[in-house]
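**Q** give me a model of this one.
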Amino acid sequence: MKYITLNDKHVALGAKMVDFAGFNMPVQYEGVNAEHETVRSGVGVFDVSHMGEFLITGTQAVALIQKVVSNDISTLTDGKAQYAYLPNENGGIVDDLIIYRFNAEKYLLVVNASNIDKDWAWISKYNKEIGAEMKNLSDDYSLLAIQGPKAAEAMQSLTSVNLSSIPYYNFVVGDFAGIEHVIISATGYTGSGGFEVYCKNEEVEQIWDKVFEAGASFGIKPIGLAARDTLRLEMGFCLYGNDIDDTTSPYEAGLGWVTKFTKDFVNADFLKSQKENGVSKKLVAFELIDRGIPRHDYEITDGNGNVIGKVTSGTMSPSLKLGIGLGYVPTQYAPLDSEIFIKVRDKELKAKVVKAPFYKK
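**A** You can find the predicted model right below:
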């Protein structure tokens, strides 16, 4: 088990701690629904320091990243971030990630905690011929996600950077909470706005304390991974290991928008043929019409007992007060308003395919 730097602080705050991707992580403090609502209407802080960070630098940095990721980083300028995935050689996905461009020869790749070792080995394999400089910073850096509509206002006193002027998927390196050279990124996994702040492990306690001082009058609260999951699901964001994995096609998962054939990359020819020929199943968002809660791995049926797919993510939406989920179904069941059924305790509950996000501001 690995421990994040602020482990003892979370325990002292009464967090319920669980093993997540080999890390001891806070799953909840006061309860999922209350924490979810804090982020939707105010401001909350997630400690997501288990995430992985790889620094790719040098004259070959672009060549390496362009080879291993699906998106085209030639469209990035300094201070911009981009969502992408790492395709594998079998039509599946190694991981999804965010790429940050500092300059033409310096990039940061932020990957999922459960895939740090796998991703590092995968990228290193392709780097043998390319020769970029790679540094795994995952054990040295902490990451706080300060999320919610009041995040910019609540945090403005901590920095000389104009937080509300940072566009979505842009970042700056600036002073924050008395620390110089902090990465302040207008990104997040909640759909309610806010920032992700990257700092060195030895700086994170000072930043955490000052964030809570500055946010006190805004009702700031610590938020656990359980609410992070309900928030991202209301936005229809994929979770690696649930909705996408080594066996799921990016075109089945609806990730064609970050698949760019303007360059050569791993397994590009196969993915191009999938784009042209189509796929036989698709990841859809659905809402339950009948009352119930869909859960991961529940069967999706056609209403006559025939299993047509599986729920990959599901919950009772705290914002909408109804059962929502994602799951793969044959393409004939993928159009909007298609009727599907979710098997819950031997009952087939009626659902309909909807357009994500479920939650609209």
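**Q** now residue 188: how far from residue 8?
**A** Look at residue 188 and residue 8: by CB to CB, to the nearest Å, they are 25 Å apart. Bear in mind the C-beta positions are built from the backbone N, C-alpha and C, glycine included.
**Q** which element is the residue in the chain sticking out farthest from the centre on?
**A** Distance from the centre of the chain peaks at residue 304, with 35.4 Å (CA atoms, centre = their mean). In the assignment (DSSP states H and E), residue 304 maps to no helix and no strand.
**Q** between residue 188 and residue 8, who's got more neighbours?
**A** Shown here are residue 188 and residue 8; by other CB atoms under 10 Å, residue 188 has more neighbours (25 against 11).
**Q** now do the same contact list for the more buried one.
**A** Residues near residue 188 by CB atoms under 8 Å, 6 or more residues apart in numbering: 145, 147, 194-196.
**Q** strands - which of the residues you listed land there?
**A** Judged by DSSP state E, these include 145, 147, 194-196 as members of strands.
**Q** which among these gets closest to residue 34?
**A** residue 147 (14.9 Å; CB to CB).
**Q** average pLDDT for the helix ranked longest in the chain, rounded please.
**A** If you go by DSSP state H, the chain has its longest helix at helix 116-130. Helix 116-130 comes out with an average pLDDT of 98.
**Q** state the distance from the nearest residue to residue 330 once chain neighbours are set aside to residue 247.
**A** Residue nearest to residue 330 in three dimensions, not counting chain neighbours: residue 281, with 5.4 Å by CB to CB, 6 or more residues apart in numbering. Distance, residue 281 to residue 247, using CB to CB: 12 Å.
**Q** who has more neighbours, those two?
**A** Using other CB under 10 Å as the criterion, residue 281 and residue 247 rank with residue 281 on top: 18 against 11.
**Q** thought the more buried one was touching residue 310?
**A** No - using CB atoms under 8 Å, residue 281 makes no contact with residue 310, being 10.5 Å away.
**Q** what do the two both touch?
**A** Common neighbours of residue 281 and residue 310 (CB under 8 Å, 6+ apart) are residue 328.
**Q** the chain: helices as residue ranges?
**A** Using DSSP H, helices in the chain cover 7-12, 32-41, 61-68, 116-130, 151-155, 204-215, 225-234, 268-277.
**Q** got the buried residues for the longest one?
**A** Of all the residues in helix 116-130, those buried under the rule 16 or more other CB atoms under 10 Å are 116, 118-120, 122-123, 126-127, 130.
**Q** again, but for the fifth one
**A** Buried positions in helix 151-155, judged by neighbour count with 16+ other CB under 10 Å: 151-152, 154-155.
**Q** how about the second one?
**A** Taking 16+ other CB under 10 Å as the basis for neighbour counts, the residues of helix 32-41 that come out buried are 32, 35-40.
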